[in-house]
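K.L.:
Build the 3D model from these lines:
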Amino acid sequence: MSPAAAEPLTPERILETTEEVLRRFGPTKATVVDVARALGVSHGSVYRHFPSKAALREAVTDRWLAKSVVRLDKIASAPEGTAPSKLEAWLEALFEAKRHKAGDDPELFATYTVLLAENSDVVDQHLNQLIEQLGRIIAEGVEEGSLSASDVPAAARAVFDATGRFHDPQYAAEWLKPTIVTEFEAVTALVIRGLRA
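P.N.:
As a prediction, this is how the structure comes out:
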């Protein structure tokens, strides 16, 4: 028995290995058999945790997206700071997270772009979580008197859409432009100024 096969087979371990397999083979060539081989187990063992290849890919996508949601939620839920400063920090963190994912590991980022297109329900849930966080920040600003919005959910959606160029993967090539940070700061300042009470 290989050392890898001797380790307990947990969903998290399967997902970590799947990520490595996707990075190595790409989303079109990676199979459950490849994942099982990398783990040193049978493909049936993988299917006991994830009933299909689609379920496995969906879980990997969800795990990848969840990492940024957790980090951003800490900003949205922070007890200190004004709502405008939180909104600015939240948008900066989202932009930086996307830029790092695209720049530090372009093969995996490209893989996830494909998986995102496959798993629209997971993506929709992710986007709703992000917009909900924005809504909490804006609602806090309305309550403290620093921001103004008659319809908080609509305002949160508008902020997310207005800054889409800085977090939607379809604009990833633009994130390498030398002027992109300046452009991001200009849009962010405009958005926050528009919401100020």
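
K.L.:
tell me the domain boundaries of this protein?
P.N.:
1-51, 57-195 (the TED database).

K.L.:
Mean neighbour count and mean pLDDT added to those domains, as TSV?
P.N.:
Every C-beta, even on glycine, is put in place using the N, C-alpha and C of the backbone. Listed next are the domains of the chain as TSV, based on neighbours: other Cβ atoms under 10 Å; pLDDT from 0 to 100:
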stretch	mean neighbour count	mean pLDDT
domain 1-51	15	88
domain 57-195	16	92
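
K.L.:
Okay, helices next: where are they in this structure?
P.N.:
Along the chain, the stretches classed as helices by DSSP state H are 3-6, 11-25, 32-39, 43-49, 53-77, 83-104, 106-118, 120-144, 152-162, 180-195.

K.L.:
Just the angle for the last one relative to helix 120-144, thanks.
P.N.:
When you say that, I think you mean helix 180-195. 50 degrees (axes from the mean of the first three to the mean of the last three Cα atoms, to 10 degrees).

K.L.:
Also the second one?
P.N.:
In this structure, helix 11-25 runs at an angle of 110 degrees to helix 120-144, with the same axes, to 10 degrees as the basis.

K.L.:
where's helix 11-25 relative to the chain centroid, distance-wise?
P.N.:
What separates the centre of helix 11-25 from the centre of its chain is 17 Å, taken as Cα atoms, centre = their mean, to the nearest Å.

K.L.:
Show residues contacting that helix.
P.N.:
For helix 11-25, the surrounding residues in contact (Cβ atoms under 8 Å, 6 or more residues apart in numbering) are 7, 30, 34-35, 38-39, 46, 49-50, 56-57, 59-60, 63-64, 105, 107-108, 111, 115.
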